[in-house]
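Student: predicted coordinates and the sequence they were generated for:
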Amino acid sequence: MSGTGAGTPIEAVIFDFDGLILDTETPIFEAWQAAYRRRGHDLGIDEWQHALGTHGGFDPFTHLGGLMGAALSRDELLAEVQAQNLAACDAQPLLPGVATVLDEARRLGLSTAVASSSTRGWVEGWLLRHEVRDRFDVLCGREDVARVKPAPDLFLLVAKRLDREPARCLVFEDSPNGMRAARAAGMRCVAVPNRLTAKLRLPEPDLVVDSLASRPLVDLLADLRGAPAAHPEGAPA
């Protein structure tokens, strides 16, 4: 069953991964902050926000090297950061409401997918570990597209693989880059800010909720019935 009402019915729910299904964003930020501090420098959210929800938006290795005015060993620094990051990510549970929203989507007959600027291997590994991989019909990562978020490519590819029109897809996103991508794809978007992205300006999502556990999916769909889908990239407003 799809949503009904004056607005275009929702037939698919698309999830971001990092910071939305699992809080992998705080651990990597804190790992880089620690690496900066060990070298006498600070890393703030103003710089790091360009790394959220995308790939290649901010290079902390180059940035730190510039602050130090010295050559760094990329391999050694990345190994140091990744060791701390993976240990912290391994301790993270699914974020509140993820399993419930997936259950509700199934009961409503909605397709489900993940669209992430991370690699498929990274996303799939965690989904398998938390035993939810089989609850997603489609998974797309950065290897699948020419451009990651904030470009719409990932969301448009998911819609194509689900055989759904973009206007009939609802995106759950935590990052401004992901919200921009959803809007550019012509999809409605519910913002679910996390500990990091709650500090950032959100680019006009259709709805904002504190967490996926805050409201039932059926209530969100009811609120969205009258909300027009965003204009796709390049379409007239």
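Tutor: Okay, I see it.

Student: could you point out the longest helix of the chain?
Tutor: When the chain is parsed with DSSP state H, its longest helix is helix 74-90.

Student: what helices or strands is it leaning on?
Tutor: If you count contacts as 3 or more C-beta pairs under 8 Å, 6 or more residues apart in numbering; DSSP states H and E, helix 74-90 packs onto helix 25-38, helix 60-68. To be clear about C-beta, it is placed using only N, CA and C from the backbone, and glycine gets the same treatment.

Student: now do the domain split for the protein, please.
Tutor: Listed domain ranges for the chain are 12-23+93-224, 25-90 (source: automatic domain parsing).

Student: still on that earlier bit, of all the helices and strands packed on helix 74-90, which one is nearest residue 18?
Tutor: helix 25-38 (5.3 Å; C-beta to C-beta).

Student: what are the buried residues along the closest one?
Tutor: By 16 or more other C-beta atoms under 10 Å, the buried positions in helix 25-38 come out as 25-33, 35-36.

Student: likewise for stretch 184-203?
Tutor: Neighbour counts over stretch 184-203 (16+ other C-beta under 10 Å) mark 184-194, 196-197, 200, 202-203 as buried.

Student: between the two ends of that stretch, how far is it?
Tutor: Stretch 184-203 has its terminal residues 11 Å apart, counting by C-alpha to C-alpha, to the nearest Å.

Student: go on, stretch 198-217?
Tutor: 21 Å.

Student: gap between it and the chain center?
Tutor: Centroid displacement of stretch 198-217 relative to its chain, using C-alpha atoms, centre = their mean, to the nearest Å, is 12 Å.

Student: again, but for stretch 78-98
Tutor: On C-alpha atoms, centre = their mean, the centre of stretch 78-98 falls 15 Å from that of its chain.

Student: just the CA coordinates of it, formatted as CSV?
Tutor: The C-alpha trace of stretch 78-98 is given here as CSV (Å, rounded to 0.1, in the frame of the first residue of the first chain):
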residue,chain,number,x,y,z
LEU,A,78,45.3,7.2,8.4
ALA,A,79,46.1,3.9,10.2
GLU,A,80,46.1,5.8,13.5
VAL,A,81,42.7,7.4,12.8
GLN,A,82,41.1,4.3,11.4
ALA,A,83,42.1,2.2,14.4
GLN,A,84,40.3,4.5,16.8
ASN,A,85,37.4,5.0,14.4
LEU,A,86,36.7,1.3,13.8
ALA,A,87,36.8,0.5,17.5
ALA,A,88,34.3,3.2,18.2
CYS,A,89,32.0,2.3,15.3
ASP,A,90,32.0,-1.3,16.5
ALA,A,91,30.5,-0.2,19.8
GLN,A,92,27.6,1.7,18.1
PRO,A,93,24.1,0.3,18.1
LEU,A,94,21.6,1.0,15.4
LEU,A,95,20.3,4.5,16.0
PRO,A,96,16.8,4.7,17.7
GLY,A,97,13.9,4.0,15.4
VAL,A,98,15.7,2.4,12.5
